[in-house]
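Novice: need coordinates for the below:
(one chain, ligands or ions: 1)
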Amino acid sequence: MSSVFSDARQRLHTLGQLSGISAAVIESLSRPKATLCTSLSILMDDGSTQYFDAYRCQYSSHLGPCKGGIRFHSNVSQDEIQALALWMTIKCAVVDLPFGGGKGGVNVDPKVLSRMELERLSRAYMRAMADFVGPDKDIPAPDVYTNARIMGWMRDEFEVIKRHKQPAVITGKPVNLGGSLGREEATGRGAFLVTEFLRSKEGKAPEDIRVAIQGFGNAGYNIAKLLFDTGYKIVAISDSKGAIYDAAGLDVDRIKQLKDECRSLDSDYCESSVCESTTYKSISHEELFELDVELLVPAALENAITIKNVKKVKARWITEVANGPISVAADEILFKKGTVIIPDVLANSGGVIVSYFEWVQNKAAYPWSLEEVQLRLQEKLKISFDEMWQYQHQSENTSLRMAAYAKALKKLEQVIKMRGTKEYFSNAEN
Ligand code: NAD
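Specialist: A predicted model of the protein is given here:
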């Protein structure tokens with residue numbers, strides 16, 4: 001059976017070796033610090049009890065408290081959560097945040113739960129994790145099928161247990177419960193900004209860039225909206241139910257409006273699909289990846305592009321909004337073909353960057369304006385993007401992903417060596 005965590009570790013080993021990282025350091029980053037696995041028992045509305053497997057992985061705390069989202073999805077497993085937590089470790093180091101990597105999740109299809117069941121599940125998750133997480137230990141945030149409301153319930157549950165206010169225990173909260181302005185759209189905005197940096201390096205006009213976007217949730221919608229408003233031509237969009245296409249360009253605002261109109265008022269998840277927009281032609285999930293476009297944006301789940309479909313991918317650029325959307329084997333093929341990939345650890349880091357801003361605001365009890373959040377996000381991403389770009393252009397046969405891993409692993413290496421490795425102690429006299 002394929003393992004996302006094995007793939008993530010293989011990438012760590014390959015890119016670590018290529019960047020000259022010591023074997024001891026790679027080895028120490030090849031396993032999580034701790035993973036808590038538990039089962040949540042939830043009283044359902046009909047009086048029955050159901051059990052859901054739940055996880056929280058603290059992968060590395062070398063650079064600070066662990067940080068990473070919580071996913072509610074029926075594919076969630078210990079293997080997937082550990083891979084996502086390893087990627088969070090790299091991501092926080094790439095964009096110079098004082099955080100290590102973590103991730104959590106529950107194996108559940110949240111769309112079939114009532115709102116009361118969803119609240120009980122969210123609170124049960126926090127009850128199970130309350131001694132494991134904390135503002136200076138491990139700080140969760142939203143991910144696939146979790147949102148600000150769920151983060152608000154979890155903050156509340158944590159405070160009921162601890163009997164004092166701890167807004168910094170979780171990020172991505174509603175603004176009136178200590179959330180940051182700009183957090184909701186931060187992942188999409190960050191991905192948009194790095195795409196814009198690439199466009200300006202390549203000297204192309206937005207109108208000349210045709211875009212296909214897989215996934216129309218928080219991250220996918222927000223990058224689609226910003227690209228659309230800037231003049232990029234969005235020709236295809238998909239969600240879990242299907243995909244739509246128009247060579248002349250889709251109207252992102254209209255599609256969003258239609259999706260929202262179909263959402264029943266008390267629902268936490270969108271029950272409708274982009275495919276209900278009858279104005280546009282329906283295409284299959286597979287066809288979206290094969291379109292002749294300049295930019296492809298996978299913004300759903302892992303392994304969207306694998307050895308099975310990579311040869312049909314025609315896009316010149318890929319902005320990896322999802323975590324791990326390209327398998328290691330497919331990545332090698334795209335690299336040889338010359339496809340420019342803005343890697344997930346940079347492309348979707350806008351979310352964790354603004355989560356960091358939220359944590360800082362909570363600790364200082366001093367909220368920032370939206371302008372300040374957006375300006376600081378842009379500054380941080382520009383520095384990181386330019387570093388990757390420069391590294392790639394000064395080294396031979398290197399991708400932006402290799403550049404990102406080289407930077408992150410060197411940073412982690414310094415800290416791990418300081419704490420003691422064979423090399424560190426054998427050179428201690430020098
Ligand atoms: P979300 O729950 O808001 O949306 C997920 C979207 O993906 C939905 O539109 C869903 O219909 C769609 N989808 C699911 N399976 C699909 C499939 N097979 N084909 C096409 N579409 C499919 O989730 P999100 O927060 O937007 O997260 C999307 C990705 O971005 C994930 O990989 C997540 O880890 C990553 N990410 C999110 C954040 C964040 O702050 N939300 C931060 C960093 C990375």
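
Novice: ok, whichever strand or helix holds Y59: who's next to it in the sheet?
Specialist: Remark: Y59 resides in strand 49-60, with elements defined by DSSP states H and E. Paired strands of strand 49-60, with direction, are strand 34-43 (antiparallel), strand 100-107 (antiparallel) (DSSP bridges).

Novice: touching the ligand at all, the shortest one?
Specialist: Yep, that's strand 100-107 we're talking about. No - residues of strand 100-107 are not located near the ligand by CB under 6 Å from any ligand atom, the shortest gap being 8.8 Å. Where C-beta positions appear, they are placed from N, C-alpha and C, glycine not excepted.

Novice: up against the ligand, what does the stretch 151-300 of the chain have?
Specialist: Applying CB under 6 Å from any ligand atom, one finds that the stretch 151-300 of the chain approaches the ligand through 187, 214-220, 238-240, 285, 299-300.

Novice: give me the number of residues near the closest residue to A408 other than its chain neighbours?
Specialist: Spatial nearest neighbour of A408, excluding adjacent residues (CB to CB, 6 or more residues apart in numbering): A93 at 3.6 Å. The number of residues packed near A93 is 26, by other CB atoms under 10 Å.

Novice: now the helix or strand where A93 lies against strand 34-43, angle please.
Specialist: A93 is located in helix 78-94, with elements delineated by DSSP H and E. Compare the direction of helix 78-94 with that of strand 34-43 by axes from the mean of the first three to the mean of the last three CA atoms, to 10 degrees and you get 120 degrees.

Novice: give the contact list for the residue of the chain found nearest the ligand.
Specialist: Nearest to the ligand, among the residues of the chain, is G217, at 1.7 Å (CB to the nearest ligand atom). If you count contacts by CB atoms under 8 Å, 6 or more residues apart in numbering, G217 has them with 144, 239, 299-300.

Novice: same thing but 10 Å
Specialist: If you count contacts by CB atoms under 10 Å, 6 or more residues apart in numbering, G217 has them with 144-145, 147, 187-188, 239-240, 269-270, 299-300, 321-322.

Novice: buried sites along the helix or strand hosting S6?
Specialist: Using DSSP H and E, S6 sits within helix 4-18. Neighbour-count burial for helix 4-18 flags 4-5, 7-9, 11-12, 14-16 (criterion: 16 or more other CB atoms under 10 Å).

Novice: show the end-to-end separation of stretch 137-152, please.
Specialist: For stretch 137-152, the first-to-last residue distance is 19 Å (CA to CA, to the nearest Å).

Novice: you'd agree I244 is up against S273?
Specialist: Yes - using CB atoms under 10 Å, I244 is in contact with S273, at 9.0 Å.

Novice: more neighbours: these two, which one.
Specialist: Using other CB under 10 Å as the criterion, I244 and S273 rank with I244 on top: 24 against 19.

Novice: and the more buried one, what element?
Specialist: For I244, the host element (DSSP H and E) is strand 242-245.

Novice: can you check N303 too?
Specialist: Here N303 is covered by no helix or strand, with elements defined by DSSP H and E.

Novice: OK, contacts around the nearest residue to it once chain neighbours are set aside?
Specialist: Excluding the flanking residues, the one nearest N303 by CB to CB, 6+ apart is S327, at 5.4 Å. By CB under 10 Å, 6+ apart, the contact set of S327 is 2, 4, 7, 10-11, 302-308, 310, 333.

Novice: got a winner among those for most neighbours?
Specialist: In terms of neighbours by other CB under 10 Å, these top out with I305 at 25 neighbours.

Novice: partners of that one in the sheet?
Specialist: I305 has these beta-bridge partners by DSSP bridges: I326.

Novice: so it sits against H285, correct?
Specialist: No - contact status for I305 versus H285: not in contact, 11.8 Å apart, counting by CB under 10 Å.

Novice: need the residues touching each of the two.
Specialist: Common neighbours of I305 and H285 (criterion: CB under 10 Å, 6+ apart): Q214.

Novice: contacting residues for the residue nearest to A408?
Specialist: Neighbour list for A93: 60, 62-63, 99-101, 345, 404-405, 407-413, 415 [criterion: CB under 10 Å, 6+ apart].

Novice: what does G64 give?
Specialist: When contacts are counted by CB under 10 Å, 6+ apart, G64 touches 92, 97-100, 136, 139, 356.

Novice: list only buried entries from those.
Specialist: By 16+ other CB under 10 Å, the contacts of G64 give 92, 97, 99-100, 139, 356 as buried.

Novice: ok, G179 touching W368?
Specialist: No - with contact defined as CB under 10 Å, G179 does not count as touching W368 (11.6 Å).

Novice: buried set for stretch 130-142?
Specialist: For stretch 130-142, burial by neighbour count (16+ other CB under 10 Å) applies to 130, 132-135, 138-142.
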